[in-house]
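Novice: Predicted model and sequence follow; I will ask about them next.
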Amino acid sequence: MMQKRQETRIRVVYSGRVQGVGFRWQVSQMAKNFAVTGFVRNLEDGTVELLVEGNLGVARGMIEAVDKKLKDFWVSKVEDERTGDPHHAGFSIDYL
């Protein structure tokens with residue numbers, strides 16, 4: 001019996017100078033280079049939430065790319081990783 005490929009969902013909350021600097025737009029552009037779904041959005045406390053869904057290696061690769069490219073804007077981050085099927089059809093900038 002063939003096993004279903006395990007998908008992952010990684011939520012990252014970035015703190016620092018991450019709002020009003022094009023952070024979400026740059027993340028959304030980077031997502032086009034990865035086979036992932038999810039969203040990026042500003043939170044009311046001044047942080048930015050990123051949710052990346054897909055194959056574990058691809059999702060990790062995107063987060064590493066975001067971390068590296070936008071390293072001058074964020075000072076800390078909190079990550080939460082879970083397994084499960086994607087909840088989103090594509091990748092978007094969401095608004096609260």
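Specialist: Okay, I see it.
Novice: would you say residue 24 is within a helix?
Specialist: Yes. Under DSSP: H, G, I helix; E, B strand; the rest coil, residue 24 sits within a helix.
Novice: burial of it, as a residue count?
Specialist: 22 (other C-beta atoms under 10 Å). C-beta here means a position set from N, CA and C on the backbone, and glycine is covered the same way.
Novice: Could you measure from residue 74 over to residue 56?
Specialist: Taking C-beta to C-beta, to the nearest Å as the measure, residue 74 and residue 56 are separated by 22 Å.
Novice: who's more crowded, the two?
Specialist: residue 74 (19 against 15).
Novice: Name all residues that make contact with that one.
Specialist: Each residue near residue 74 by C-beta atoms under 8 Å, 6 or more residues apart in numbering is listed here: 14-18, 23, 48, 67.
Novice: so where do the helices sit in this structure?
Specialist: 23-31, 56-69 (DSSP state H).
Novice: Out of those, which gets nearest to residue 79?
Specialist: Residue 79 sits nearest to helix 56-69 of all those, at 7.8 Å, using C-beta to C-beta.
Novice: average pLDDT for the closest one?
Specialist: Averaged across helix 56-69, pLDDT comes to 97.
Novice: now what about that helix, what contacts it?
Specialist: Taking C-beta under 8 Å, 6+ apart as the rule, helix 56-69 contacts 6-10, 12, 26-27, 30-31, 33-36, 50, 52-53, 74, 77, 79.
Novice: So which of those residues sit within strands?
Specialist: Within the contacts of helix 56-69, residues falling in strands by DSSP state E are 7-10, 12, 50, 52-53, 74, 77, 79.
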